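Q: Output the structure for:
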Amino acid sequence: MKIRLPRIASLPALLLAGILGGSPATAEPLTPIAEPGRPSISIIIDDLGNLRDRDLRAIRLPGAITYAFLPHTPHARELANLADRLGKEVMLHLPMEAMDHNRLGPGGLTLDMTRQQFLRQLRDNIAAVPHVAGINNHMGSLLTQHPGHMRWLMQALGEHDAFYFVDSYTTKASVAVQAANENWVPNIRRDVFLDSDRNREKIRAELKRTVRLAREHGIALAIGHPYPETLAVLEEELPRLAEEGIALLPVSQLLDQHMQRFRTWRAFLSP
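A: Residues are numbered from 1 along each chain as shown. Predicted coordinates:
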């Protein structure tokens, strides 16, 4: 199944800088390059769409960060369009019911929905965020445990060749990856939460752990949030990744590497 790669924008840097309020160098779109054998990471910034100025700072981050927008939030459509013009990959951050029943916000998927209600809300959520390449769960420690609801989700995603799924892995009991595999939906699971603790040095340590996992396993996937502390650490550390021999890729490219490894492993085990 072919993964849709993000379109790399060709807007002039000065125009993009004007939109973002930054310098041309800050706004220049970068084309990520996946090199065979080079350790690669992806970083998703979740929870975007509610606070424009905060989220603009996140979109200014250098390199191929992937941005996950909550549906039906005040600035999701505008900022997803901007991220796409900058050549950044856009995801839908799909609200799913949690064990502690925290407030989901608009577009939430819950355990008490019928299949028809579930699929209608899913379609509305996808339509609310332009340029969606993939989906990850917002919360979801309850819903991702339920095979029936995950089957509904993956069957729907399987109808769209371009969509992939990232399990944010908010519970070890999640069956989302299994359901995605059963329905041939390209998928991957989160390795690291960067900012469960918002202390800057702990965020920096989690980013270094992401890099270490990539060196050990070839790839690693981290999720963070647009907290001031997280953005400050990423602004400092992202430019150093290339010097350390680490490729920063959009999730679709990291997932392509992941699926290639999976296919190689499966072929090795086959008679």
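
Q: Would you mind measuring from the closest residue to Ile65 other than its chain neighbours to Ala133?
A: Counting by Cβ to Cβ, 6 or more residues apart in numbering, Ile65 lies nearest to Ile43, which is 5.4 Å off, once chain neighbours are set aside. (C-beta placed from N, C-alpha, C; glycine too.) Separation of Ile43 from Ala133 (Cβ to Cβ, to the nearest Å) stands at 15 Å.

Q: re earlier: and the residue nearest to Ile65, how far is that from Ala220?
A: From Ile43 to Ala220 the distance is 10 Å (Cβ to Cβ).

Q: got it, and Leu142?
A: Taking Cβ to Cβ as the measure, Leu142 falls 27 Å from Ala220.

Q: can you check Gln117 too?
A: Gln117 sits at a distance of 36 Å from Ala220 (criterion: Cβ to Cβ).

Q: Could you pull up the residues touching Pro71?
A: Neighbouring residues of Pro71 by Cβ atoms under 8 Å, 6 or more residues apart in numbering: 49, 92-95, 106-107, 124-126, 128-129.

Q: Now restrict those residues to buried residues only.
A: The neighbour count (16 or more other Cβ atoms under 10 Å) marks 49, 92-95, 107, 125-126, 128-129 as buried among the contacts of Pro71.

Q: okay if I get the residues you listed as a markdown table plus pLDDT?
A: Formatted as a markdown table, the buried ones among the contacts of Pro71 follow (pLDDT from 0 to 100):
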| residue | pLDDT |
| --- | --- |
| Gly49 | 98 |
| Leu92 | 98 |
| His93 | 97 |
| Leu94 | 97 |
| Pro95 | 97 |
| Gly107 | 95 |
| Asn125 | 97 |
| Ile126 | 97 |
| Ala128 | 98 |
| Val129 | 98 |
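
Q: Can you pick out the ones from those residues that are in helices?
A: Mapping these onto helices (DSSP state H) picks out 125-126, 128.

Q: ok so, going back, higher neighbour count, Ile43 and Ala133?
A: Neighbour tally, Ile43 and Ala133, criterion other Cβ atoms under 10 Å: the higher count belongs to Ile43, 28 against 22.

Q: In which helix or strand does the more buried one reside?
A: Ile43 is located in strand 40-48, with elements delineated by DSSP states H and E.
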